[in-house]
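predicted model and sequence follow; I will ask about them next.
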Amino acid sequence: MTTDLVGRAAHRAEITARAASEMAAMGVDVGFIDLMVETFYGNIRQHADLGPVFEARLAGRWPEHMVKMKAFWSSVAFKTGAYGGKPVMAHQGVDGMAEGLFHQWLQLFSDTLVEIGASEDAHGWFMTSAERIAKSLVLSLFYNPALDDPRRRGAT
């Protein structure tokens, strides 16, 4: 049992060390994550469509949200496993939430990466991650498998 635990810890350390090395090669460190999150959510708050949705949900709780999002993106980038939230639950029942907003969210995320001077590799890596996250949330929040029923496709 002890050998198994030591083996898992060594494997985990290898994963996080590899992730840190890959991120460093792209110019990503904790300071980058902080800047990205601060800039992105500053841009969100100014956005005509996204701002009101986020503000309605986070009014009075922005500092806590920023801490959570920094932990989230650090966990994603550095594979630390430090983030333990439940993103789908956090996005359920949000007033004004609509599938189309995720396209705007992704565009603003991309624009933010350009704004902060992310390297091409970092931009690509973060956008791939953001697209995967957005797709997962869209499927969880808006997908109805009954609408994919082939028997319903031909029905009018």
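Cool, got the structure. As the structure is a computational prediction, the values presented were derived from the model and not from experiment.

residue 65: what secondary structure?
Assigned by DSSP: H, G, I helix; E, B strand; the rest coil, the conformation of residue 65 is helix.

what is the neighbour count of it?
15 (other C-beta atoms under 10 Å). C-beta here means a position set from N, CA and C on the backbone, and glycine is covered the same way.

count of neighbours near the residue nearest to it when sequence neighbours are not counted?
Nearest in space to residue 65, with sequence neighbours left out and distances taken as C-beta to C-beta, 6 or more residues apart in numbering, is residue 58 at 5.1 Å. The number of residues packed around residue 58, counting by other C-beta under 10 Å, is 17.

where does the protein have its least confident helix or strand?
Sorting the helices and strands of the chain by mean pLDDT, DSSP states H and E puts helix 87-91 at the bottom, at a mean of 59.

check which residues of stretch 98-106 are buried.
101, 102, 105, 106 (16 or more other C-beta atoms under 10 Å).

make a markdown table out of these and add pLDDT and secondary structure.
Formatted as a markdown table, the buried residues of stretch 98-106 follow (pLDDT from 0 to 100; DSSP: H, G, I helix; E, B strand; the rest coil):
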| residue | pLDDT | secondary structure |
| --- | --- | --- |
| 101 | 92 | helix |
| 102 | 91 | helix |
| 105 | 95 | helix |
| 106 | 97 | helix |
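
tell me the one among those nearest to residue 19.
Taking C-beta to C-beta as the measure, residue 19 sits nearest to residue 106 out of those, at 22.7 Å.
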